[in-house]
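> Below is the sequence, then the predicted model.
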Amino acid sequence: MAVETQPVSPALNQPAREEEEALREQLMFDPRPREELNRMVMESMYSTSPRYWVAVGVLTALVLVCLVGMWGYMIFTGIGIAGIRKPIYWGVFIVTFVFWIGISHAGTFVSAILRVFKAEFRRPFTRAAELMTTFGLAAGALYPLIHLGRVWVFYWMIPYPNARWLWPNFRSPLVWDFLAITTYLLSSTIYLYLPLLPDLAMARDRTQGWRHAVYKALALGWRGTEAEWFRLRKAINIFAFAIIPVMFSVHTIVSWDFAVGQVGGWNSTIFGPYFIIGAILSGVSAVITILVILRATLKHMDYFIRPEHLDALGKLVLVFSMAWAYFFFNDYLVSWYGGYEVTRRILTLHATGPTAWVWYCMLFFNVVIPWLTLWSRKIRRTPWAMFIITVLINVGMYFERYTIIPMTLGHQRFPFDWGEYSPRLPEISIAFGTLCLFILLYLLASRLIPLVPVWEVREGQEAHKVVKVGKTVVPSVSELE
Amino acid sequence: MAEQQETRERWGMVVDLDLCTGCNACVTACAMENNIPWVGEEEAGYGRNMFWIRVQRTWEGEYPEVSPAYQPVMCQQCGRAPCEPVCPVFATVHSEEEQINLQVYNRCIGTRYCANNCPYTARSFNWYDYTYQIPAPMNYYLNPNVTVRRRGVMEKCTFCVQRIRAGQEQAKAAGRTLQDGEVIPACAQACPADAIIFGDLSDPESRVSKAARSQRGTTLLEELGTQPKVTYLKGGGYYGG
């Protein structure tokens, strides 16, 4: 690959038409003065329409009724109001748990991987992706509690010193899960917080009243000296590298909840990478969905989020869709070749059983739709099309978890015990409630924290060079980091 | 302590499928002995009955020459139980004393992971507070020797551990060792065909270990390596053949 560095602006060497297009397309080539960028981000935090408050009100009500109310009712009456039954002890709760954990994984993944590989297009949306991680975890981490039969003693899973010298069972994947998710929540929150410091200081200097007090406390006295920048860059770099193995380990551990057991169809050795790829596929799709919504609803976001970002993320989705298809195929191929009767029967039932439509929808949404559409540069750059495609991919990924959990549990080794499962209202309501919680948290955060890392965008716009990779011209800030 | 070491039993069970008539007496007796709640018609129809032992009815042969085959299945008291390592709070444990797999109801938080991981589907879950719904005089049927479980906990066959303990204590009080056949669980006691044999597998002369060594003997899902303590006899022939 021929890489040549041209330390000049693109205007000198490129033909006029391409230059114009690059200016329109690339955020890097369309710089604005620092004050204007700051003002735009601050304005986006301050501008709320009546529609926004209606949305906040409706979502709060939905969270209170569907999540808090229904969960309270379930604690009061017993988990029997959910649809789970004898052979299928895990249903929609665990499906939604894996779904949210998967969503949350890719937020940090996108941010950290792109930072490590110095992909410049990441700059305006790293924070939006990292916030998705935090809120996805907030929604997902509720489920290990929700699905418990006796939630009031959940803390027995925590290793804490007690008079009876009882410890959790460290051989249990659920304890690994608990530890892994806590680690991930802490590290991804720090990773979200570090690049936020300069922006919080920026917001501190431009606000009055309670906002000023909050930002002042959160900005930790950031002044922007050379030493502070040096340390911040170093810390972000360390975290970006360190969080990638954490991210891989966490979703591998979530997959071990299933793979370590000896349930037919679960005890597969490729579940670790299979779950990671699935998580990234659904998470990157969710990032696109969120970016499209932000672009349409938040003021000035159409300056920061451009078709080039959707384009680049769309390519990622296509690649991960192919990787997912490979692992999916592999899971079936190895099972078929293994010839174990139980697994073979389960896999056949996925495709031919009474709930086979879930299986076909999964394949259609996860493979057919992205493969048919995302090849096209035009579609990748059309926000509404990307919105529909990515939402469908996430529906497909939900169906994948549904296939793996209840549809597999229902047809285990004793045909006498086979059973069908269909979710009941409380399960659907709670799953919907956490979706509302996620959106609500995001809505509130969009007006409380600068959703665009201004300093990173500014840094890119100021310090980039133009690098020619093959025939493409891309901006690069490699010498800076 | 040395005395205890000598008398440590390895409890086991043999179910003779050639004798089983599928009458479900074991199911009823077990439910009475172990305070297993009656969940109601609707819940049972949905697959939430809580029996610790069930009689699986399958059909043998090709139509029209079919005959029913019955198989009582309870917790197999695995030597290497898949349910044990997955519990995050040690609520399902191997008892050192009786060498069986026990459920600590007070410790259980209801993750239901053990039930997913049990290849025999031997565990049942308290979806609601069934026992508290028993109308007033009916609560006298509850066996005082067995814990009444509240909602949100898992439960399963214990080989009638309360009977094992009672038998051991009686023998100890009388200053003798347990005799073969002195301890029998409710299912074996109720079986009219004497198809369920219970006893000490470590004693080579006990009735249960003789039957377990039978050529007709097989264990369920042997390929999983769970080392069940329940042996099933099937294949016709005379007793012990």
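Alright, I've got the coordinates.

> Nearest to the spatial middle of chain B, which residue is it?
B:Cys157 (4.0 Å; CA atoms, centre = their mean).

> Please name the residues that touch that residue.
Applying CB atoms under 8 Å, 6 or more residues apart in numbering or on different chains to B:Cys157 gives the contacts B:30, B:52-53, B:74-75, B:77, B:122. For every residue, glycine as well, the C-beta is placed using N, CA and C.

> Pull the most distant pair out of these.
B:Cys30 and B:Gln77 (14.4 Å; CB to CB).

> So between those two, which is more surrounded?
B:Gln77 (26 against 23; other CB atoms under 10 Å in any protein chain shown).

> my guess is the more buried one meets B:Asn101, correct?
Yes - B:Gln77 is within contact range of B:Asn101, at 5.3 Å (criterion: CB atoms under 8 Å).

> Local confidence estimate at the residue in chain B that chain A sits nearest to?
Closest residue of chain B to chain A, CB to the nearest CB: B:Gly110 (1.9 Å). pLDDT recorded at B:Gly110 is 93.

> do A:Glu4 as well
Here, the pLDDT recorded for A:Glu4 equals 49.

> and what of A:Trp156?
A:Trp156 carries a pLDDT score of 91 in this model.

> Check A:Glu308 too.
On the pLDDT scale, A:Glu308 is placed at 84.

> measure it to A:Lys118 for me?
Using CB to CB, to the nearest Å, we find A:Glu308 at a distance of 16 Å from A:Lys118.

> between these two, who's got more neighbours?
More crowded of A:Glu308 and A:Lys118, by other CB under 10 Å: A:Glu308, with 19 against 12.

> all strands for chain A, in order.
Assigned by DSSP state E, chain A shows strands spanning A:3-6, A:465-469, A:472-476.

> Look up the closest residue to residue 100, ignoring the ones flanking it.
The chain I'm using is chain A. A:Gly140 (2.9 Å; CB to CB, 6 or more residues apart in numbering or on different chains).

> other chain: chain B
Of all residues not flanking B:Ile100 in the chain, B:Gln77 sits nearest, at 4.8 Å (CB to CB, 6+ apart).

> same question, B:Thr21
Nearest residue to B:Thr21, sequence neighbours excluded (CB to CB, 6+ apart): B:Ala193, at 5.4 Å.

> Tell me the pLDDT of A:Pro33.
The score at A:Pro33 is 81. That number is its pLDDT.

> swap that for B:Ile53, please
Listed pLDDT for B:Ile53 reads 95.

> For the stretch 1-150 of chain A, give the residue positioned nearest to chain B.
For the stretch 1-150 of chain A, CB to the nearest CB, closest residue to chain B: A:Gly149, 1.9 Å.

> quick one: A:Ala235 and A:Leu194 touch, right?
Yes - judged on CB under 8 Å, A:Ala235 makes contact with A:Leu194 at a distance of 5.5 Å.

> quick one, what contacts the closest residue to A:Gly261 other than its chain neighbours?
Excluding its sequence neighbours, the residue lying closest to A:Gly261 (CB to CB, 6+ apart) is B:Asn117, at 4.4 Å. Going by CB under 8 Å, 6+ apart, B:Asn117 touches A:261-263, B:82-83, B:86.

> any chance of those in JSON lines, with distance to B:Asn24 and neighbour count too?
Shown next, in JSON lines, are those (distance: CB to CB, whole Å; neighbours: other CB atoms under 10 Å in any protein chain shown):
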{"residue": "A:Gly261", "distance to B:Asn24": "31", "neighbour count": "21"}
{"residue": "A:Gln262", "distance to B:Asn24": "29", "neighbour count": "18"}
{"residue": "A:Val263", "distance to B:Asn24": "28", "neighbour count": "23"}
{"residue": "B:Pro82", "distance to B:Asn24": "27", "neighbour count": "20"}
{"residue": "B:Cys83", "distance to B:Asn24": "25", "neighbour count": "27"}
{"residue": "B:Val86", "distance to B:Asn24": "31", "neighbour count": "25"}
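
> Tell me the one of those nearest A:Ala163?
Looking across these and measuring by CB to CB, the closest to A:Ala163 is B:Val86, at 26.2 Å.

> Could you check how far that closest one is from A:Tyr215?
From B:Val86 to A:Tyr215 the distance is 46 Å (CB to CB).

> Nearest residue to A:Ile439 in space, please, no chain neighbours.
A:Leu59 (5.8 Å).

> That neighbour is in contact with A:Leu440, isn't it?
Yes - counting by CB under 8 Å, A:Leu440 is a contact partner of A:Leu59 at 4.1 Å.

> And the pLDDT at the residue nearest to the centre of chain B?
As predicted, B:Cys157 sits at a pLDDT of 95.

> Repeat that for the one 3 residues further on.
What the model reports as pLDDT for B:Cys160 is 94.

> What of the one 5 residues further on?
Reading off the confidence values, B:Arg165 has pLDDT 92.

> Please report how far it lies from B:Asp129.
27 Å.

> quick revisit: closest one of the contacts of B:Cys157 to A:Thr434?
Checking the contacts of B:Cys157 against A:Thr434 by CB to CB gives B:Ala122 as the nearest, at 32.9 Å.

> Name the helix or strand for the closest one, please.
For B:Ala122, there is no enclosing helix or strand under DSSP states H and E.

> any weak-confidence spans in chain A?
Regions of chain A meeting the criterion pLDDT under 70 cover residues A:1-25, A:473, A:477-481.

> how about a cut-off of 80?
Filtered on pLDDT under 80, chain A yields the residue ranges A:1-32, A:118-120, A:460-481.

> Go through it and flag its longest helix.
Using DSSP state H to define each element, chain A has its longest helix at helix A:226-259.

> which other helices and strands contact that one?
Judged by 3 or more CB pairs under 8 Å, 6 or more residues apart in numbering or on different chains; DSSP states H and E, helix A:226-259 is in contact with helix A:92-116, helix A:173-193, helix A:271-297.

> Tell me which of the ones you listed is the most buried.
Among the helices and strands packed on helix A:226-259, helix A:92-116 has the highest mean neighbour count (mean count of other CB atoms under 10 Å in any protein chain shown), at a mean of 26.

> For the residue nearest to A:Trp100, give me its contacts.
Neighbouring residues of A:Gly140 by CB under 8 Å, 6+ apart: A:96-97, A:99-101, A:103-104, A:181, A:434.

> follow-up on the earlier one: per-residue confidence for the residue nearest to A:Gly261?
pLDDT, B:Asn117: 93.

> just B:Tyr238 next, same as before
We have a pLDDT of 51 for B:Tyr238.

> So what's the residue count around residue 132?
Looking at chain A here, since you left the chain open. With neighbours defined by other CB under 10 Å, the count for A:Met132 comes to 28.

> Please refer instead to chain B.
The number of residues near B:Tyr132, taken as other CB under 10 Å, comes to 11.

> quick one: contacts of stretch A:165-174?
Residues contacting stretch A:165-174 (CB under 8 Å, 6+ apart): A:144, A:156-159, A:175-176, A:178, A:253, A:256-257, A:260-261, B:85-90, B:107, B:111, B:113.
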